[in-house]
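> the sequence and its predicted three-dimensional model are supplied below.
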Amino acid sequence: MSKCGANEALGALNEKTKEMADTLKDSVDLSKLQEFKDKAESIKGDIQDKLVSQIPKPKNLQEELEKVKGLKEGLAVGAAVLAIEKDFGKALGAGVLTGALKNVLDPVLQGAAGIAAGAEDAISDALGGKSFDICKNVPNVELDKNGEPKEKAKVDAKPNEAAEKPKEVEKTVEDSSTKTSLGGGKYTQTDYYVAKAEISLAYDKVEKGVSKFIKKDKLGLTKKSKDVKKYYKKIKKKYAAAKVIAEKSGYKKFFNMWQDGQWPEDVFPFEEYRTYLGLYQDYEYTDTLTSELIDGSSAMEKGLASKNIFGAHPFFDNPDWYDKTKYPGFFVYRFYDELYLPIKRDSREYGLYTADKAIGDAHGKLMDELLAFWQREDIQEQLAILADYETANGLVG
């Protein structure tokens, strides 16, 4: 009697194998047979494991969404969603991918995924208050050997029978990565993400130049900080002794003690104090300008590359916002106008030391480079693509 689900071909093969084994019994040393069998099974296992490891695993929609769920950077999210739409878009019903992305992505990253305001969502409303589950609420679609998306059948057929062919999903969504916006925009989603990537990569090079100056240049913040620490280590004991004398004499500041002619020259030579004060003033000047430079860089990137989604000050709507001589009160004008301000170069106003002007020159040059980047013709073209696409797709904050 045949067993339910038994494979007849496999059964025949087993019978043939038994027959061969019976034939060999008389000519084979049975004491060696088990050893031979164990070795054969070991070799078989090794070969099987190696072969299985070489079989590429087909892309699966649910697994790809799990990967997107773990992303934290807008550019990476955009690229991943673009790939998902390209691979699986034509097999998904309207609003399915949008609904899934809304449930796996932080709201801040949904704009980067190309989710337009009011976009159809076929999942969220259907949850009925239940928690979203990728495995339960997203179709189990997988790419076949030809790269075509197919929904996997549920395995409930008999072992030796073909599984029932799943119903074809009605094609209601086309690959949006190659289509222009329904809102009348000129550019595709692919154009949009390429533009974002090119701006990001190009600006990264400029910012790396700023970072290198801060960390490596003799006028940069890191070097100035080390200069202060190194010299203070040298005078630390003298400084501490002079401080005790100042406190006993009722002086809160060393400078006042010097003004009154009470400086303890034999304990802490005044020229050493002046040298330390000069190093510290250079450090403070560099620190102040570096902070202004970083804040300015961030304002430019947000105000130009991200202004449609996150909003930006109307200042950036001026076509010549980068003009150093215009718009008093705004950061570009203020940076250059206050670059060599006496209070910045002698913050204590002792008149004993003025910070090195070369520090201001170097930071001014770095700001020039940041401003020049956003005026580049290629960057202007990429910004125009962002503005067109985000406006057309309702991604304006």
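Structure received.
> need the contact list for Leu383.
Residues in contact with Leu383 (C-beta atoms under 8 Å, 6 or more residues apart in numbering) are 195, 199, 304-305. C-betas here are computed from N, CA, C, even on glycine.
> that one and Ala392: what is the separation?
Distance from Leu383 to Ala392, counting by C-beta to C-beta, to the nearest Å: 15 Å.
> now the chain, which segments are flagged as low pLDDT?
Across the chain, the ranges flagged by pLDDT under 70 are 1-57, 74-75, 108, 110-114, 116-120, 128, 153-184, 308-312, 395-397.
> longest helix in it, by residue count?
Secondary structure of the chain per DSSP state H: the longest helix is helix 270-304.
> packing partners for that helix?
When contacts are defined as 3 or more C-beta pairs under 8 Å, 6 or more residues apart in numbering; DSSP states H and E, helix 270-304 packs onto helix 189-216, helix 221-248, helix 254-259, helix 331-337, helix 342-345, helix 357-375.
> how about those helices in CSV, adding distance to Asn146 and mean neighbour count?
Output for the helices and strands packed on helix 270-304, formatted as CSV (distance: least, C-beta to C-beta, whole Å; neighbours: other C-beta atoms under 10 Å):
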stretch, distance to Asn146, mean neighbour count
helix 189-216, 23, 16
helix 221-248, 56, 14
helix 254-259, 81, 17
helix 331-337, 55, 17
helix 342-345, 67, 15
helix 357-375, 45, 17
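> now render these as a markdown table, adding distance to Asp121.
Putting the helices and strands packed on helix 270-304 into a markdown table (distance: least, C-beta to C-beta, whole Å) gives the following:
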| stretch | distance to Asp121 |
| --- | --- |
| helix 189-216 | 18 |
| helix 221-248 | 48 |
| helix 254-259 | 67 |
| helix 331-337 | 40 |
| helix 342-345 | 53 |
| helix 357-375 | 36 |
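> which one of those helices lies closest to Leu82?
The closest of the helices and strands packed on helix 270-304 to Leu82 is helix 189-216. By C-beta to C-beta, the value is 5.7 Å.
> now the angle from that closest one to helix 357-375?
Between helix 189-216 and helix 357-375, the angle comes out at 170 degrees (axes from the mean of the first three to the mean of the last three C-alpha atoms, to 10 degrees).
> ok now helix 189-216, how far from the chain's centre?
12 Å (C-alpha atoms, centre = their mean, to the nearest Å).
> now swap in stretch 85-99 and tell me
On C-alpha atoms, centre = their mean, the centre of stretch 85-99 falls 25 Å from the chain's centre.
> for it, buried residues please.
85, 87-89, 91-92, 95-99 (16 or more other C-beta atoms under 10 Å).
> what's the first-to-last distance across it?
One end of stretch 85-99 to the other measures 13 Å (C-alpha to C-alpha, to the nearest Å).
> try stretch 210-222
12 Å.
> next one: stretch 297-317
OK, stretch 297-317 end separation, C-alpha to C-alpha: 17 Å.
> stretch 320-337 too?
End-to-end for stretch 320-337, by C-alpha to C-alpha: 17 Å.
> that stretch: how far from the chain's middle?
Relative to its parent chain, stretch 320-337 has a centroid offset of 31 Å by C-alpha atoms, centre = their mean.
> if I pick Tyr276, what's in contact with it?
Counted by C-beta under 8 Å, 6+ apart, Tyr276 has contacts 228, 231-232, 235, 239.
> nope, Pro342 is what I meant
Per C-beta under 8 Å, 6+ apart, neighbours of Pro342: 349, 354.
> from Lys357, how far out is it?
11 Å.
> same question for Gly220.
For Gly220, the distance to Lys357 - C-beta to C-beta - is 16 Å.
> and if you look at Gly70?
For Gly70, the distance to Lys357 equals 49 Å [C-beta to C-beta].
> do Arg345 as well
With C-beta to C-beta as the criterion, Arg345 and Lys357 are 8 Å apart.
> include distance to Lys252 when you put the contacts of Tyr276 into a markdown table, please.
Output for the contacts of Tyr276, formatted as a markdown table (distance: C-beta to C-beta, whole Å):
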| residue | distance to Lys252 |
| --- | --- |
| Val228 | 21 |
| Tyr231 | 23 |
| Tyr232 | 20 |
| Ile235 | 20 |
| Tyr239 | 15 |
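> closest to Leu293 out of these?
Nearest to Leu293 among the contacts of Tyr276, with distances taken as C-beta to C-beta, is Val228, at 19.9 Å.
> quick check, that closest one in contact with Gln281.
No. With contact defined as C-beta atoms under 8 Å, Val228 and Gln281 do not form a contacting pair (9.7 Å).
> now do the contacts for the closest residue in space to Lys324 that isn't next to it in sequence.
Residue nearest to Lys324 in three dimensions, not counting chain neighbours: Tyr336, with 4.6 Å by C-beta to C-beta, 6 or more residues apart in numbering. Tyr336 sits next to 324, 364, 367 when contact means C-beta under 8 Å, 6+ apart.
> swap in Ser249?
Counted by C-beta under 8 Å, 6+ apart, Ser249 has contacts 257, 262.
> how far away is it from Ala241?
Ser249 is 13 Å from Ala241, by C-beta to C-beta.
> joint contacts of these two?
Joint contacts of Ser249 and Ala241 (C-beta under 8 Å, 6+ apart) do not exist.
> now do the same for the closest residue to Asp346 other than its chain neighbours: helix, strand or coil?
Leaving aside its chain neighbours, Asp346 sits nearest to Thr354 (5.1 Å; criterion: C-beta to C-beta, 6+ apart). At Thr354 the chain is in coil, as set by DSSP: H, G, I helix; E, B strand; the rest coil.
> cool, and Pro58?
Once three-state DSSP is applied, Pro58 turns out coil.
> quick one: contacts for it?
Contacts of Pro58 by C-beta under 8 Å, 6+ apart are 142-145.
> if we go to 6 Å?
142-143 (C-beta atoms under 6 Å, 6 or more residues apart in numbering).
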